[in-house]
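Trainee: Fold the following.
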Amino acid sequence: MALAFRRVSSGPLQDFDAAAPDGVVVGIIGENGSGTEHLLRLAAGLEKPASGSVDASAPARFLGPDDALSLAPAAVLSIDQTFARHDALVRERAAMALDRMRRGGATILLASHEEELLRRLADEIWWLHEGKLAGRGDPEDILGAYRKHIAERIRAWGGSLAPQLAPRLRWGDGRAEVLRVETIGEDGRPTMVWRSGELAVVKVLVQFREAVDDPVIGMMIRTRIGLNVYGTNTELERLKLGPCAPDETVEITFAFRCELCPQEYTLTVASHDPDGVWHDWLEDAVAFAVSDTRYTSGVANLRAQVTRTR
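Mentor: As a prediction, this is how the structure comes out:
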């Protein structure tokens, strides 16, 4: 083996055990702090393990994020996010040079957060999590597992945040006021991130300042560039709210499957008369995001079933 980590503990790495042969590009993925940089520095001989051993062929080199993509011959080459800061021409030349090094028998560790780069260049991928090897193998398999892990982390993070009512524009005649807008996940808790496909809930709390005979409360989802994605209101859903008296409050719940592609969205809400006279209109009242375990293009996640007929 050109490179072997034998029960290495050092920095964030804990009892790390893995080996790579000659003539291979190993993609390294992991969240910040998982030990990816430390692993590459150990491979290049820039760090020494506190316990265990690192067996690496010489010469070994290390390229960091701010280094030039200089790919002089080396038996072991560690590349830590170096592609990220370079233009397309430099990256293409480096990719071709890496292929020559691989065919010449070099062992290359390539740490990157770019899936397409890893998918193109890596023969296998090591996934580090909290200093340990969480998975290794075929790039598509490991990248898929890692993407699912990150989507779950994003969803959990979104659940720790309460949506902030901060409309870009607000207008109306003041006969009613939107007091609160909540985005809630299928676990019943407020969240700023929905999983694609989960049951999503929007709650709108309105207080009437004056008597309103026949109020309508509605919502509209838009993309970050302002494209209308989906909208509805109590009139369209045949839910009659009035008449409403001064100081009366009404909470409306909109529930739907969040069949959206992963990206950022805004939610506009309003209270108005059936003829469109606004009581309180909140343009882009709250922002939220959608996460998924895989990339999908566009806005609507139609979840196509693909088959092949011979």
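
Trainee: which other residues reach stretch 51-67?
Mentor: Residues from elsewhere that reach stretch 51-67, judged by CB atoms under 8 Å, 6 or more residues apart in numbering: 1-10, 15-17, 22, 40-46, 69-70, 72, 74-82, 84-85, 107. Glycine gets a C-beta too; all of them are placed from N, C-alpha and C.

Trainee: Going along the chain, name the strands of the stretch 201-310 of the chain.
Mentor: Per DSSP state E, counting those that start in this stretch, the stretch 201-310 of the chain carries strands over the ranges 216-223, 228-233, 249-257, 264-272, 278-291.

Trainee: mind giving me JSON lines with those strands and columns for mean pLDDT, mean neighbour count and distance to residue 57?
Mentor: Listed next are the strands of the stretch 201-310 of the chain as JSON lines, based on pLDDT from 0 to 100; neighbours: other CB atoms under 10 Å; distance: least, CB to CB, whole Å:
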{"stretch": "strand 216-223", "mean pLDDT": "97", "mean neighbour count": "20", "distance to residue 57": "51"}
{"stretch": "strand 228-233", "mean pLDDT": "96", "mean neighbour count": "15", "distance to residue 57": "54"}
{"stretch": "strand 249-257", "mean pLDDT": "97", "mean neighbour count": "14", "distance to residue 57": "54"}
{"stretch": "strand 264-272", "mean pLDDT": "97", "mean neighbour count": "22", "distance to residue 57": "46"}
{"stretch": "strand 278-291", "mean pLDDT": "96", "mean neighbour count": "21", "distance to residue 57": "41"}
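
Trainee: Mind checking these for the one nearest to residue 173?
Mentor: strand 278-291 (6.1 Å; CB to CB).

Trainee: Distance check, residue 153 against residue 141.
Mentor: 19 Å (CB to CB, to the nearest Å).

Trainee: which residues sit in contact with the closest residue to residue 90 other than its chain neighbours?
Mentor: In this structure, residue 90 finds its nearest non-sequential neighbour in residue 69, 5.6 Å apart by CB to CB, 6 or more residues apart in numbering. By CB under 8 Å, 6+ apart, the residues touching residue 69 are 63, 82-83, 86, 90-91, 93-94.

Trainee: Over to residue 123?
Mentor: Neighbouring residues of residue 123 by CB under 8 Å, 6+ apart: 24-26, 102, 139.

Trainee: go on, residue 221?
Mentor: If you count contacts by CB under 8 Å, 6+ apart, then residue 221 has 228-231, 260, 265-267 around it.

Trainee: change it to 10 Å
Mentor: By CB atoms under 10 Å, 6 or more residues apart in numbering, residue 221 lies in contact with 200, 202, 227-232, 256, 258, 260, 265-268, 288, 290, 299.

Trainee: partners of it in the sheet?
Mentor: On the basis of DSSP bridges, residue 221 is bridged to residue 230, residue 267.

Trainee: Could you number the chain from 605 rather than 1 from now on?
Mentor: Sure, I'll start numbering at 605, so the last one becomes residue 825.

Trainee: mind checking how far it is from residue 618?
Mentor: Look at residue 825 and residue 618: by CB to CB, they are 44 Å apart.

Trainee: Closest to residue 729 out of the contacts of residue 673?
Mentor: Checking these against residue 729 by CB to CB gives residue 687 as the nearest, at 15.3 Å.

Trainee: out of the strands of the stretch 805-914 of the chain, nearest to residue 765?
Mentor: Closest to residue 765 of the strands of the stretch 805-914 of the chain is strand 882-895 (CB to CB; 9.8 Å).

Trainee: For that closest one, which strands pair with it and how are they oriented?
Mentor: Within its sheet, strand 882-895 is paired with strand 773-775 (antiparallel), strand 797-799 (parallel), strand 868-876 (antiparallel), according to DSSP bridges.

Trainee: Sketch out the helices for the stretch 705-854 of the chain, chain order is fine.
Mentor: 719-725, 743-763 (DSSP state H, counting those that start in this stretch).

Trainee: what's the offset of the lowest-mean-pLDDT helix or strand in the chain from the middle of its chain?
Mentor: Every helix and strand in the chain was compared by mean pLDDT, DSSP states H and E; the lowest is helix 743-763, with a mean of 90. Chain-centre distance of helix 743-763: 7 Å, with CA atoms, centre = their mean, to the nearest Å.

Trainee: Could you name the helices and strands sitting against it?
Mentor: Applying 3 or more CB pairs under 10 Å, 6 or more residues apart in numbering; DSSP states H and E, one finds that helix 743-763 contacts strand 628-633, helix 719-725, strand 728-733, strand 736-741, strand 797-799, strand 882-895.

Trainee: if we can go back for a sec, including distance to residue 767, could the strands of the stretch 805-914 of the chain go into CSV?
Mentor: Shown next, in CSV, are the strands of the stretch 805-914 of the chain (distance: least, CB to CB, whole Å):
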stretch, distance to residue 767
strand 820-827, 13
strand 832-837, 17
strand 853-861, 14
strand 868-876, 8
strand 882-895, 4
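
Trainee: of all those strands, which lies closest to residue 639?
Mentor: Closest among these, using CB to CB: strand 882-895, at 24.5 Å.
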